[in-house]
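[1] Below: sequence and its predicted model.
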Amino acid sequence: MPLVAIMALAVASLACGAVATQVTEIETRVAGTVAARNQPIEFTEQANILPTQPLPEPDVEIIEPTAATVQDNAVAEVAVEAIAEPTPITIADAVPEEPLIESEVAIEPTAVQAEVVQQAQPDPLASNVFVDLYNRVNPSVVSIYVFSNSQGEGQGTGWLYDAEGRIVTNQHVVNGADYIEVTFSDGTKQPAQFLGADETADLAVIQVNTYPAGTQALPLANSDQIQVGERVVAIGNPFGLAGTMTTGIVSGLGRTLSGRVSPEGGRFSAPDIIQTDAAINPGNSGGPLINLNGEVVGVNKAIVSETGVNSGIGFSISANTVRRIVPSLITNGTFQYSYLGISSRSSSDMTLPEMEALGLPNRRGVYVVAVVPGSPSDVAGIRAGTEPSGIQGLGRGGDFIIAIDGLEIKDFSELISYLVNNADVGQTVMLRVLRDGGEVDLPVTLGARP
C-alpha cells in the first residue's frame, strides 16, 4: 500500500478514536446527569413532580428530578424506568388497580366551556412559518441558572411575562435557590430576584431589572380554546442547549397532576394540564409551549419516559392557570386556593359493575368518597359514601356531583378547574348532586385551602 494511503488511514483511525471517545464521554455525562437529577415520585393519572415513594402499580418506577441539584440541568421531567418486562408506558399504565381517590383542592380549573373554538393559525406547511415563529419568540425565552448552598447548581428555562422584567418558570426550577441568573438569547446575563411561587401548580415568578432592547413579553392564549391535534412548539434549553425549538401537537387535554401533600395525607390536585408530543427534555422546565400565533398555551412541566429523555408524552401547565395564579404570585408571593374539602372519584375511572354496586347511573360525574370534618362541604351537608358496597375503599350512599354553578361536570379535573379559575375563598358555589334517586342543589361557601 502506498505510504500516503497508509498515513491517511492512520490519521482517519486516530480521528475516529477521538470522536468515539468524545461521544462516549458525552453519553456518560448526559446519562449521569439525567440519573443524578431524578428522584422517585408517585405517578397516576395525576402524575406528581415532587419526590415521593415509588409507584405501587404497575411494575414501573416514576422518577422526577428536583430543580437545583445538577449543573446544566434543572429538569421538568418524569422519567419512567421499566422494572419488570418492558411494556408500553401510557397514562393508563400508571393507574393503580385500587380505586383512584382524587384529593380536591389544587389548581383551580379553567371554566368548562360548552363549545371549543378553533383558533385561526398560520398554515404549518408554509416553508417559513416555524422560522418566523422562532425568530419572533426565541428572544423572549431565557435560560435560568440557579445555585443553592444545599443543593448545588441547576438550569432551566423561563420566558418574559411582562414589560416590567418579570419572568415565569417552574417552581421546581428555582426552589431553594440562593442565587438566580438569567441569560437572554443575545448572551446578556442578569441576576434575578425571586418574587413568588406555587408548589401545586409548579409555577414561579422571578424578575430582572433590565433586558435586551426589543425583547417583547409573550402573550397568553385562551387555553379553553385549544383543541387536540393543534400544532404547538416548545422552546427551551434541553441539556443546556440554549434556544432549542421542537414541534408537535396537543395530544390531550384535561390531564391532572398531583401537587403538594394535604394535611389529610393525600395530595392536592393540579388540573387543566395539557399533554403534548413536542419533545421536552431535562432543561426545558419552565419554558413556553407556543401556538402558531406566537401565544403561550402552556408552561412545560414534566415528561413521561422510560429512559429519562423525551418519549412523546409531555405535560404543560395551561395558559389560563398561569393567567389566574401568576398575578397573585407577583403581588403576594403566593396563591390562595379555594377549598371544598372532599376526596372523590370520577365516574370515568369506574367500571360499570362498580357504578352499579354504588347505585350510580351510567353517566359522567364525580362521586364523593370522603368529606373532611369541619370543611365547607361538611358544613354544607355534602354526603360521602359510607354504606357497605362490596368494593374496597368505596361505600354506597355518597353524593354524585354532576354540576357546579349550572355548568355540567364530567370529571374531577373539570370540578377543580372551575374552582381554581373561577372561584375565590368566601364565594358560595352551587353544587348539583344526585342523591337518593333525585337531583339536589347544595350551596357551599368555599374556604381557604389548609
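    Okay, I see it. Numbers count the residues shown, from 1 in each chain.
[2] show me the contacts for the closest residue to residue 396 other than its chain neighbours.
    For residue 396, ignoring the flanking residues on the chain, the nearest one in space by C-beta to C-beta, 6 or more residues apart in numbering is residue 387 at 4.1 Å. Glycine gets a C-beta too; all of them are placed from N, C-alpha and C. Under the criterion of C-beta atoms under 8 Å, 6 or more residues apart in numbering, the neighbours of residue 387 are 395-397.
[3] again, but for residue 424
    338, 446.
[4] pLDDT wise, what is it at?
    Residue 424 is assigned 92 on the pLDDT scale.
[5] now residue 450
    83.
[6] The stretch 301-450 of the chain: strands as residue ranges?
    Secondary structure of the stretch 301-450 of the chain, counting by DSSP state E, counting those that start in this stretch: strands at 313-318, 338-339, 342-346, 366-371, 387-391, 394-396, 400-404, 407-408, 428-435, 438-445, 447-448.
[7] Dump those to CSV, plus distance to residue 253.
    Output for the strands of the stretch 301-450 of the chain, formatted as CSV (distance: least, C-beta to C-beta, whole Å):
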stretch, distance to residue 253
strand 313-318, 9
strand 338-339, 22
strand 342-346, 15
strand 366-371, 18
strand 387-391, 29
strand 394-396, 27
strand 400-404, 19
strand 407-408, 16
strand 428-435, 23
strand 438-445, 26
strand 447-448, 28
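[8] worst average pLDDT in these?
    Averaging pLDDT over each of these puts strand 387-391 lowest, since it has a mean of 83.
[9] List the buried residues for that strand?
    Buried residues in strand 387-391, counting neighbours by 16 or more other C-beta atoms under 10 Å, are found at 389, 391.
[10] Can you show me the helices along the protein?
    Secondary structure of the chain, counting by DSSP state H: helices at 3-37, 129-137, 171-174, 319-332, 352-357, 376-380, 412-422.
[11] For this structure, give the strand that spans the most residues.
    strand 244-261 (DSSP state E).
[12] Okay, angle between that one and strand 342-346 too, please.
    130 degrees (axes from the mean of the first three to the mean of the last three C-alpha atoms, to 10 degrees).
[13] elements contacting strand 244-261?
    strand 46-48, helix 129-137, strand 231-236, strand 267-276, strand 296-305, strand 313-318, helix 412-422 (3 or more C-beta pairs under 8 Å, 6 or more residues apart in numbering; DSSP states H and E).
[14] strands paired with that strand, and their directions?
    strand 46-48 (parallel), strand 231-236 (antiparallel), strand 267-276 (antiparallel) (DSSP bridges).
[15] can you list the domains in this structure?
    1-335, 338-448 (automatic domain parsing).
[16] Least confident of those, on average?
    Among the domains of the chain, domain 1-335 carries the lowest mean pLDDT (a mean of 69).
[17] Return the residues in contact with the nearest residue to residue 317 once chain neighbours are set aside.
    Once flanking residues are discounted, residue 317 sits nearest to residue 299: 4.4 Å by C-beta to C-beta, 6+ apart. Residues counted as contacts of residue 299 (C-beta under 8 Å, 6+ apart) are 168-170, 203, 286-289, 316-317, 322.
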